[in-house]
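Trainee: coordinates for the following, if possible.
(one chain, ligands or ions: 2)
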Amino acid sequence: MGRLRAPSPLNNQSLLHNLCVACADRNEKENAMRHAGSCFCGAVQLQVVGTPEAMGYCHCRSCRSWSGSPVNAFTLWNPEAVRITAGTESIATSQKTPVSQRKYCKKCGGHVMTLHPPFGLVDVFAATLPELAFKPGVHVNYAETVLPMNDGLPKLKDFPVELGGSGEMIAD
Ligand SMILES: [Zn+2]
Ligand SMILES: [Zn+2]
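Mentor: Ligands and ions are numbered 1, 2, ... in the order given. Coordinates of the predicted model:
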C-alpha cells in the first residue's frame with residue numbers, strides 16, 4: 001500500500017484503499033484506459049481495458065461480405081481485456097470457419113466483435129468503440145482489396161507469419 005493522503009486511524013479496508021494515493025492513481029489510470037462500446041441499438045454494451053494488441057484494416061472477402069463494407073477496421077485485444085457489461089442474452093454467433101466466431105446483436109443485427117480462438121485474440125470492430133482513438137498500423141489481406149488505400153501503412157498480402165500467413169508485403 002502506498003502513501004496515505006492523511007494520517008488516518010481508520011481500519012476499514014475499503015476506506016483505506018480509497019485514501020491510498022497509489023491505489024487512487026492506479027484506479028484513475030485504469031479508468032482512463034477503459035473504453036465503452038455498444039451494438040447499433042445499444043442492447044449490447046461492452047468495455048475494453050488498456051491498449052489493443054494491434055489496429056488496422058482487413059480487406060478479406062469474409063470481412064467485406066459480413067460487414068457489408070469494402071474494408072473492416074479492426075482492433076485486436078486479448079480476451080481478458082474485453083468485457084460484456086450488458087445484453088449478453090442478446091448476443092448471437094455466426095461461425096463459418098473455426099478461425100472466426102462472429103458476434104452480433106439479435107435485436108438490431110449490429111455487428112459487435114469477432115473472436116479468433118486460434119489466435120487468442122478478439123477483434124472488437126473499431127466502429128463498435130467510438131471512444132477509442134483508432135490508429136491503424138497495418139493492412140492485412142491486401143491482395144483481396146477492392147478499396148486501395150495509399151496511406152503509407154505496411155500492407156500484408158495475407159496475414160503475418162505469427163498468425164499463419166505468408167508475411168509477404170505488397171507495395172503501396
Ligand atoms: Zn443491438
Ligand atoms: Zn478479414
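Trainee: the one helix or strand residue 74 maps to pairs with which strands, and in what direction?
Mentor: Secondary-structure element containing residue 74, defined by DSSP states H and E: strand 72-77. Paired strands of strand 72-77, with direction, are strand 54-58 (antiparallel), strand 121-124 (antiparallel) (DSSP bridges).
Trainee: distance to ligand 1, mean neighbour count and mean pLDDT added to the ones you listed, as JSON lines?
Mentor: Any C-beta I mention is one placed from the backbone N, CA and C, and that applies to glycine too. As requested, those are exported to JSON lines (distance: least, Cβ to the ion, whole Å; neighbours: other Cβ atoms under 10 Å; pLDDT from 0 to 100):
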{"stretch": "strand 54-58", "distance to ligand 1": "22", "mean neighbour count": "21", "mean pLDDT": "98"}
{"stretch": "strand 121-124", "distance to ligand 1": "15", "mean neighbour count": "24", "mean pLDDT": "98"}
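Trainee: how far off centre is the strand holding residue 74?
Mentor: On the basis of Cα atoms, centre = their mean, to the nearest Å, strand 72-77 is displaced by 6 Å from the centre of the chain it belongs to.
Trainee: in it, what's buried?
Mentor: For strand 72-77, a neighbour-count test (16 or more other Cβ atoms under 10 Å) marks 72-77 as buried.
Trainee: ditto for stretch 134-152
Mentor: Applying a neighbour-count criterion of 16+ other Cβ under 10 Å, the buried positions in stretch 134-152 are 136, 138-142, 145, 149.
Trainee: all good on my end, thank you.
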